[in-house]
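Generate a structure from the sequence data that follows.
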Amino acid sequence: MNRNILFAPLALFAVLVAVFATQLTRNADGDDPTKLESVLVGKPVPDFQLQDLFEENKTYDQSLFKGKPLLLNVWATWCPTCYAEHQFLNKLSSQGVNIIGLNYKDDREKAKKWLRELGDPYQIVLFDGSGMFGLDLGVYGAPETFLIDAEGKIQYRHVGDVNVDNWNETLLPLYNKLAGQKAPLNPVPMERVQ
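Residues are numbered from 1 along each chain as shown. As a prediction, this is how the structure comes out:
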């Protein structure tokens, strides 16, 4: 039997693994996978009706996102990266950044406890226990953050944690531009965030 015939399936398998590995580390533009494009960029937040995390009899719809630019932060207690970014979100909130939370595919009581213990950077927290609104947004997992303008349109999508680097370099300039502030928010100093 020819040895080349025996190694052909192994070689084909190795090539397929290499191709898949390359695709997993790139997005459509060949860039960093944390810069996933969204088909919703430039479009309004999809229609929804969700309960408030803390007040089950209170519901919100897409009108929540109109009036001022804000961040929609998708998070969950089962997400270690969400834990890592939480202190930074508290810092942003204390500096006047408008943040709405979307608790995604989570346990309501665990989420309430998390916010009581770690601080609550959110003006409002939407509860998406089924993950259906997250699905409508195209969420792959948590954390993800959407920058939404005053008209309720999604202007930017960030996959992964919000930290001092990507806030200062990317999100802050976009946020300030949407806010149109004469005295825009300043970058967060590196030494102030642990």
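
Nearest the middle, which residue of the protein would you pick?
Centroid-nearest residue in the chain, with Cα atoms, centre = their mean: Glu144, separated by 1.3 Å.

For Asp52, see how far away that one is.
20 Å (Cβ to Cβ, to the nearest Å). C-beta coordinates here come from the backbone N, C-alpha and C atoms, glycine included.

Check Thr170 too.
Taken as Cβ to Cβ, the span from Thr170 to Asp52 is 30 Å.

now do Leu102
12 Å.

Show me which of the two is the more surrounded one.
Leu102 (29 against 14; other Cβ atoms under 10 Å).

Tell me where the model's unsure across the protein.
1-38, 181-184, 190-194 (pLDDT under 70).

At which residues are the helices of it located?
3-24, 80-94, 108-118, 132-137, 164-166, 172-179 (DSSP state H).

give me the number of residues near Thr145?
For Thr145, the neighbour count with other Cβ under 10 Å is 25.

Glu109 too?
9.

now swap in Pro143 and tell me
24.

how close does Leu70 sit to Leu102?
12 Å.

Likewise for Glu169?
24 Å.

ditto for Asn73
In terms of Cβ to Cβ, Asn73 sits 7 Å off from Leu102.
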